[in-house]
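J.: build me a structure from this.
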Amino acid sequence: MRPKYHYAAAANWLSDPNGLVHWAGEWHLFYQYNPDGEHWGNMSWGHAVSRDLAQWDELPPALSGDELGMIFSGSAVIDHANSARFGAEAMVAIYTSASDGPQRQMQSLAWSNDHGRSWHKYAGNPVLDAGLADFRDPNVFWHEPSARWIMVVALSLQNSAALYGSTDLKAWEHLSDIPGSDAPGEVWECRC
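T.: Residues are numbered from 1 along each chain as shown. Here you go, the predicted model:
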């Protein structure tokens, strides 16, 4: 049985939405997806588009694992000012690369110049690596008052989050931390 309103992939395991971005009349939904089976593993980004947020067309997976590891959660933005130099109004995915051995989570970039139909991973990945095993789920947005991109990323086992700033989506400067003193014992993640 498939839902009539909420999105569900035609087959296989899916989870965490990785942001919703609107561009050129389409909503783009990215989500954690295993294209090879019904259980967690082979984490990739599934992709679906909609014009009305009710009817969805499933597209081929946007991002698949590489030498840096599986593709975990993240977010997507439209780079209207071409700050990353990927092309005018490129769609940019900011995601966690998760290696297995030794376990390490880093933030990486990919971009699309054809409305999300094909993706190119940035050759300089990862763009942010704190050397941690649990450093994931980047949420990135443009902050007009400071004229820069802001990334909020979870330090999940430390029950905290870190904020970074960048003018080009590639070089990130640590800005501050959000302590988790009011949420002891909780794992912070997937706050996209």
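
J.: residue contacts, the most centrally placed residue in the chain?
T.: By C-alpha atoms, centre = their mean, the chain has its centre lying nearest to Gly74, at 1.9 Å. Taking C-beta atoms under 8 Å, 6 or more residues apart in numbering as the criterion, Gly74 is in contact with 18-19, 30, 93-96, 107, 137-140, 192. All C-beta spots, glycine's among them, are computed from the backbone N, C-alpha and C.

J.: show the backbone phi and psi for Pro72.
T.: Quick fix: residue 72 reads Phe, not Pro. Dihedral pair for Phe72: phi -100, psi -170, per degrees, to the nearest 10.

J.: count of residues packed around it?
T.: Counted with other C-beta atoms under 10 Å, the neighbours of Phe72 add up to 25.

J.: Asn12 too?
T.: Around Asn12 there are 15 residues (other C-beta under 10 Å).

J.: got the contact list for it?
T.: Asn12 touches Tyr33, Asn34, Pro35, Asp36, Gly37, Glu38, counting by C-beta under 8 Å, 6+ apart.

J.: neighbour-wise, give me the winner out of those.
T.: Neighbour max across those (other C-beta under 10 Å) = Tyr33, 26 neighbours.

J.: how about the contacts made by that residue?
T.: Tyr33 touches Ala9, Asn12, Trp13, Leu14, Ser15, Met43, Ser44, Trp45, Gly46, Pro61, counting by C-beta under 8 Å, 6+ apart.

J.: okay, and Gln55 sits in which element?
T.: In this assignment (DSSP states H and E), Gln55 forms part of neither any helix nor any strand.
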